[in-house]
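Visitor: model this:
(one chain, ligands or ions: 1)
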Amino acid sequence: MELPPRVRIVEVGPRDGLQNEPDTVPTATKIAFIDRLAATGLEVVEATSFVRPDLVPQLADAAEVLTGITPVRGVRYPVLVANDRGLDAALSAGAQDIAVFASASEPFSERNLGRGIDASLERFRTVVRRAKRHGLGVRGYVSMVCGCPYQGEVPPADVVRVTTELFELGCDEVSLGDTIGVGTALQIQDLIELLSHTVLIDRLAVHLHDTYGQGLANTLAALEAGVSTADTSAGGLGGCPFAAGATGNLATEDLLYALEGSGVHTGVDLSEVIAVSGWMADQLGRPPVSRVARAVLARDGAR
Ligand code: MG
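Guide: Have a look, this model is predicted:
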């Protein structure tokens, strides 16, 4: 197995993780979480989401969070925006990177993003253009790249189309999301191979959920296929919103452990991430989902 010599990890816990928490975490705790993560060597910590607070009440304090963190030089703190109003709020709070989101599944797009694929891409056209004019970095997300709870199988050609259009809108990077975690290793590799005919592979990221226990295997498969950016969440924070109680995001520690053991450079300190996850677990009152964090915390606690 050939892995890239260097992998960039995009930490999504403070946004994708906390957004799926049943209870709202205090603003000060979110800020401390982000600052602690940024001190572990992570280059990207997705901070929050400037979306309608009635839709995502857990992140209604987006502006306070973004203005409250202590930025570390060299670390980027992207925020999600859903439209021009969200971009305005993000700009006011000093955002330097944003992320926009589309889906490869038409029914998911209609039901969960409130409009079809083409309409949601069209809505982001001016958002991305304005963001680029302000010198912001722009990431695009594509959800449901391996399957959809409404549609079932999602044709890889649909993933290629949406990914290509996000790049055409001006996104610098596109992250491929297996939002319900149903994909498997060779399916992921085939998808990336197909995408590589149309887009630059070094501008792709993967966001592969662990719902069916495939998150790590699928992410390693993507890295073997030439992707070198992966999204993970400290502690595995963030359940799958479509399966109550099921795990969602791949834990940052679990990927770090695999990469470190394989000699892949990430620049991130594994033990520091585990310490942050342990701290956050205490704030939330339950242990991390991460297998590595559980193993290490149990081992060290038993000493
Ligand atoms: Mg996720």
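Visitor: please see if stretch 68-82 touches the ion.
Guide: No. Against the ion, stretch 68-82 shows no contacts by CB under 5 Å from the ion, the least distance being 11.4 Å. All C-beta spots, glycine's among them, are computed from the backbone N, C-alpha and C.
Visitor: can you list the weak-confidence ranges in the stretch 101-250 of the chain?
Guide: By pLDDT under 70, the low-scoring segments of the stretch 101-250 of the chain are 239-246.
Visitor: what residues does it have near the ion?
Guide: Within the stretch 101-250 of the chain, the positions near the ion by CB under 5 Å from the ion are Asn249.
Visitor: nearest to the ion: which residue in the stretch 101-250 of the chain?
Guide: Proximity of the stretch 101-250 of the chain to the ion (CB to the ion) peaks at Asn249, 4.4 Å away.
Visitor: residues contacting that residue?
Guide: Neighbouring residues of Asn249 by CB atoms under 8 Å, 6 or more residues apart in numbering: 12-13, 16-17, 209-210, 215, 231-233, 236-238.
Visitor: with secondary structure and neighbour count added, can I get those in a markdown table?
Guide: As requested, the contacts of Asn249 are exported to a markdown table (DSSP: H, G, I helix; E, B strand; the rest coil; neighbours: other CB atoms under 10 Å):
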| residue | secondary structure | neighbour count |
| --- | --- | --- |
| Val12 | coil | 29 |
| Gly13 | helix | 27 |
| Asp16 | helix | 25 |
| Gly17 | helix | 29 |
| His209 | coil | 30 |
| Asp210 | coil | 28 |
| Gly215 | helix | 27 |
| Asp231 | strand | 26 |
| Thr232 | strand | 33 |
| Ser233 | strand | 31 |
| Gly236 | helix | 28 |
| Leu237 | coil | 29 |
| Gly238 | coil | 26 |
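Visitor: please enumerate the helices of the chain.
Guide: 18-19, 27-38, 62-68, 84-92, 106-112, 117-133, 156-169, 185-195, 215-224, 252-261, 270-284, 291-301 (DSSP state H).
Visitor: same for the last one, what does it pack against?
Guide: Same thing as helix 291-301. helix 252-261, helix 270-284 (3 or more CB pairs under 8 Å, 6 or more residues apart in numbering; DSSP states H and E).
Visitor: with mean neighbour count, distance to the ion and mean pLDDT as added columns, please give these in a markdown table.
Guide: Compiled in a markdown table, the helices and strands packed on helix 291-301 are given as follows (neighbours: other CB atoms under 10 Å; distance: least, CB to the ion, whole Å; pLDDT from 0 to 100):
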| stretch | mean neighbour count | distance to the ion | mean pLDDT |
| --- | --- | --- | --- |
| helix 252-261 | 22 | 12 | 98 |
| helix 270-284 | 20 | 16 | 96 |
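Visitor: I'd like these as a markdown table, with distance to Leu87 appended.
Guide: Below are the helices and strands packed on helix 291-301 laid out as a markdown table (distance: least, CB to CB, whole Å):
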| stretch | distance to Leu87 |
| --- | --- |
| helix 252-261 | 28 |
| helix 270-284 | 29 |
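Visitor: with Phe33 as the reference, name the closest of the ones you listed.
Guide: Each of these was scored for nearness to Phe33 using CB to CB, and the closest is helix 270-284 (5.7 Å).
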